[in-house]
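Need coordinates for the following:
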Amino acid sequence: MRELRNEAFNYGNISLTREVLRRFVESPEVRQLLPEALQERQRRADDAEVRDLMLGTAKHFIANVYKIKGGGLFGRGRRSDVARNAMGAGLAQLLPPSLFENKHGRKACRILGISYRQAKQGVALGVAALDCGSWRQVKTAAHFDNASSAVSAAVNEWFHSDEASEPWNPKHEMVRVDLGRDEKGVPIYTLHPRRAQKRSTRRSLPIFRRSSIADRLREGKRTKPVYKNGKMIRKGRGGVKVGWRQFREAKCACIKKRKTEECVCLKCSYLISNLARLHHDRKAWHRSARQRVGGKPCVCHIHPPEGAAEAAAERAAACQSVEEAERAAAEAGGDGAAERWAAALSESEAAQLDATAAARKEALARKYDNMTSSVEARDTQHTP
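Below is the predicted model:
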């Protein structure tokens, strides 16, 4: 014992000795030899450190993810039911049922940074979950002045009317429309017949605002001013004017705009028929390999003359050779060598630009010729 003490106190000053003893005691071999009471004290100290870290993480998570002051932008506004369920589940896990019975409610509010009402709600949700044996979904009713449900119902009714849509086809194909989840968290849905939207959503909004359904919505949400003792204590409202985002989000999933190949109107039918004829006949219009009447190749704005790209490349190579020779002469010195080299360099750069443009035009013509390859293959297959 004396030798161990002398060895420990021979390392230097008190700070170094304390560090040596701390590392010696915290080594796994020595910790197993310590008394049980000292080991328990060390475990409690380690657990307290981890507990503080977990509480700090929970406080940061509640403040930044759950947004204590509200679920909207910048932490303001009313939360959705999903956000309320997430925050309620988090608080129910952190707060014990006997929190307020043991007079620890204010301490928990101070540690987590939540309000007293939120702590009470978290404890109540935790008690309800323990009694039920599972988590019960939190559902909230709409505010008395909240028109979101009425707007959704009005827009949904208008989109399903003949003014905004029509049956997709006589077969009445059914589409699955999600309706959210029930109290047990099971997804619920319904089936609607698919309907074709008559016009784009952006063009449909002003038509909806002039409809009788929108007039009924405005009349239902219009309020009169309230007066008391000859003084107005509450302003009146002129009704609800549906905005673009409300209108777009309230459209039912069964309302779809037809694509060109799915439309049965006269314009789309003409377009589909004429496009097929155009693709069939275009392969003989601009084709450099095909000879026109009189034996002349195609020299349209798409197809360059035959061999134009090769000629431009040869001219660029010749100009580059001349430019290299003039540059060597200019370096050797001589009368007028610098001027000749400058002229040759300018001509070489221009030739290089012409060669690049000719190559690009030839690639564009080749791409244009390949646009009808699928049509030609189809015609070849159908040719007897």
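
only C-alpha atoms for contact and neighbour calcs from this point on.
Noted.

Residues touching stretch 97-115, excluding its own?
Residues outside stretch 97-115 that contact it (Cα atoms under 8 Å, 6 or more residues apart in numbering): 55-56, 58-59, 62-63, 68, 95, 116, 119, 123-124, 126-127.

Please indicate which of these are buried?
By neighbour count, with 16 or more other Cα atoms under 10 Å, the contacts of stretch 97-115 hold Ala58, Lys59, Ile62, Ala63, Ile68, Leu95, Ala119, Val123, Ala124, Gly126, Val127 as buried.

ok, the residues you listed vs Ala318, which is closest?
Using Cα to Cα, Ala63 comes nearest to Ala318 of these, at 73.0 Å.

ok, back up a step: which two among the contacts of stretch 97-115 are spaced furthest apart?
Gly56 and Val127 (24.2 Å).

Take the buried ones among the contacts of stretch 97-115 and write them to CSV, including secondary structure, distance to Cys254 and pLDDT.
What follows is these, written out as CSV (DSSP: H, G, I helix; E, B strand; the rest coil; distance: Cα to Cα, whole Å; pLDDT from 0 to 100):
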residue, secondary structure, distance to Cys254, pLDDT
Ala58, helix, 42, 80
Lys59, helix, 43, 79
Ile62, helix, 38, 75
Ala63, helix, 39, 73
Ile68, coil, 37, 54
Leu95, coil, 44, 87
Ala119, helix, 43, 87
Val123, helix, 42, 89
Ala124, helix, 40, 90
Gly126, helix, 39, 88
Val127, helix, 41, 88
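
Leu364 contacts Ile302, doesn't it?
Yes. Contact criterion Cα atoms under 8 Å: Leu364 and Ile302 qualify, at 7.5 Å.

Tell me the spacing between the spatially most central residue of the chain and Met174.
The centroid of the chain falls nearest to Glu249 when counting by Cα atoms, centre = their mean (15.9 Å). Using Cα to Cα, to the nearest Å, Glu249 is found at 21 Å from Met174.

Equivalent analysis for Thr356, please.
In terms of Cα to Cα, Thr356 sits 56 Å off from Met174.

likewise Asp81?
Taking Cα to Cα, one finds Asp81 at 29 Å from Met174.

swap in Ser27?
70 Å.

residue contacts, the residue nearest to the centre of the chain?
Residues near Glu249 by Cα under 8 Å, 6+ apart: none.

Check Val30 too.
Here Val30 is in contact with Phe24 (Cα under 8 Å, 6+ apart).

how far does stretch 216-232 sit from the chain's center?
41 Å (Cα atoms, centre = their mean, to the nearest Å).

In that stretch, which residues are buried?
Leu217, Arg218, Lys221.

now swap in stretch 181-195 and tell me
Applying 16+ other Cα under 10 Å to stretch 181-195 flags His192, Pro193, Arg194, Arg195 as buried.

okay, now Trp341: neighbour count?
Neighbour count of Trp341, defined by other Cα atoms under 10 Å: 21.

What separation do you get for it and Ala196?
In this view, Trp341 and Ala196 are 71 Å apart by Cα to Cα.

Confirm for me that Pro181 is in contact with Pro187.
For residue 181 the amino acid is Arg, not Pro. Yes. Using Cα under 8 Å, Arg181 is in contact with Pro187, at 4.2 Å.

for the record, mean pLDDT for stretch 354-372?
Taken as a whole, stretch 354-372 has a mean pLDDT of 80.

so who does Lys184 touch?
Here Lys184 is in contact with Arg136, Gln137 (Cα under 8 Å, 6+ apart).

In terms of pLDDT, where does it sit?
pLDDT recorded at Lys184 is 73.
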